[in-house]
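Peer 1: Here is the input, now give the coordinates:
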Amino acid sequence: MTTDRKANMVQCEGPSRRDAWKMFDRVAHRYDLLNHLLSFGRDRAWRRKLAARLSHRPDQHILDVATGTADVILSLLDNSTRVSYAVGMDMAGGMLARAATKIADRKRRPAAALLRADACRLPFADRTFDAVTIAFGIRNVLDVSTALEEMYRVLKPGGRVLVLEFSLPEKRLVRRMYLLYFRKILPSVGGLISGDDYAYRYLNETVETFPCGRAFCDMLVEAGFANVNAVPQTFGVASIYQGDKPDNNFL
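Peer 2: Predicted coordinates for the structure are as follows:
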């Protein structure tokens, strides 16, 4: 492991991410409800904005990593006419079962497939996808740098990565109010509704220990992405990160 890789992993200290998928299986039955409730419905708007940042290539094949209950896939297929095929992958079988039900309930869609797989070992050939997306999942992987390198590997030259993740507001007053909500109110409400107190303590602790803004953009650059930028959402409580695989990179 390189010195830079060690530095990146230190930035992601906090609750162990090992076998975090087991926790998501435990809360799968309340996951969608709590996402919408605890974000005051803003998570839907954030996913739509992520979908809008796809490139203008037609007939794109999309990989959604840590797909959960497939809300990103559904948003992509609802809001983009440029997607012809989508694959969602996750380690949590309970989340994938709910994703399959939601996809089956939607009619007249482009094809979508689901599989159980690890973000750090993507089971796809090099240069397979036009875009890779991940929403509220990158901070849960065991090795962020390896996951980003894998996303880069499976992208076609000119392909795009889009990452939606919680972040910390830069303005001091907004950050103070946000952290009060995140540390005190959200874990209590989330634990009460889901029946899993640990899951929603884990949420705020991983958000606070995960690199955001410029620090995460630097990780994307290190993985090889170009044209990297971060777009804060709703006062900076979440961010959409974008990076492109250079057209001239055929490694």
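Peer 1: Is it correct that L54 is in contact with V132?
Peer 2: No. L54 lies out of contact with V132 (Cβ atoms under 8 Å); the separation is 11.0 Å. For the C-beta atoms, the positions are set from N, CA and C on the backbone; glycine is no exception.
Peer 1: between these two, which one's more packed in?
Peer 2: Between L54 and V132, V132 has the larger neighbour count (other Cβ atoms under 10 Å), namely 28 against 20.
Peer 1: any idea how far L180 is from the more buried one?
Peer 2: 34 Å (Cβ to Cβ, to the nearest Å).
Peer 1: in this protein, which spans are helices?
Peer 2: 3-11, 20-27, 31-38, 42-52, 71-79, 93-105, 144-154, 172-180, 186-194, 197-209, 214-222 (DSSP state H).
Peer 1: what's the first-to-last distance across stretch 114-131?
Peer 2: With Cα to Cα, to the nearest Å as the measure, stretch 114-131 spans 16 Å from end to end.
Peer 1: Then stretch 115-123?
Peer 2: End to end - Cα to Cα - stretch 115-123 spans 10 Å.
Peer 1: Show residues contacting that stretch.
Peer 2: 63, 65-66, 87-91, 93, 96, 134, 137-138, 141-143, 146-147, 150-151, 153-154 (Cβ atoms under 8 Å, 6 or more residues apart in numbering).
Peer 1: Quick one: distance of it to the chain centre.
Peer 2: 14 Å (Cα atoms, centre = their mean, to the nearest Å).
Peer 1: Same check on stretch 138-153?
Peer 2: With Cα atoms, centre = their mean, you get 11 Å for stretch 138-153.
Peer 1: Flag every buried residue along stretch 186-199.
Peer 2: Neighbour-count burial for stretch 186-199, counted by 16 or more other Cβ atoms under 10 Å, picks out L186, P187, G190, G191, S194, D196, A199.
Peer 1: Ranked by average pLDDT, which of the helices of the chain falls at the bottom?
Peer 2: Among the helices of the chain, helix 3-11 carries the lowest mean pLDDT, at a mean of 40.
Peer 1: and M177, how far is that from E208?
Peer 2: Applying Cβ to Cβ to M177 and E208 gives a distance of 15 Å.
Peer 1: Could you do A230 as well?
Peer 2: 17 Å.
Peer 1: the more surrounded of the two?
Peer 2: A230 (21 against 14).
Peer 1: for that one, what are its contacts?
Peer 2: S167, C212, G213, R214, F216, C217, S239, I240, Y241, Q242.
Peer 1: same thing but 6 Å
Peer 2: G213, C217, S239, Y241 (Cβ atoms under 6 Å, 6 or more residues apart in numbering).
Peer 1: top of the residues you listed by neighbour count?
Peer 2: Y241 (25 neighbours).
Peer 1: Return the per-residue confidence for that one.
Peer 2: 98.
Peer 1: For it, which non-adjacent residue is spatially closest?
Peer 2: Leaving aside its chain neighbours, Y241 sits nearest to V163 (4.2 Å; criterion: Cβ to Cβ, 6 or more residues apart in numbering).
Peer 1: now do P157
Peer 2: D247 (4.9 Å).
Peer 1: The one you found against K156, yeah?
Peer 2: No. Contact criterion Cβ atoms under 6 Å: D247 and K156 do not qualify, at 9.3 Å.
Peer 1: which of the two has more neighbours?
Peer 2: K156 (17 against 11).
Peer 1: Run a quick neighbour tally on the closest residue to P187 other than its chain neighbours.
Peer 2: Closest residue in space to P187, ignoring its immediate chain neighbours: Y200 at 4.4 Å, by Cβ to Cβ, 6+ apart. Other residues near Y200 come to 22 when the count uses other Cβ under 10 Å.
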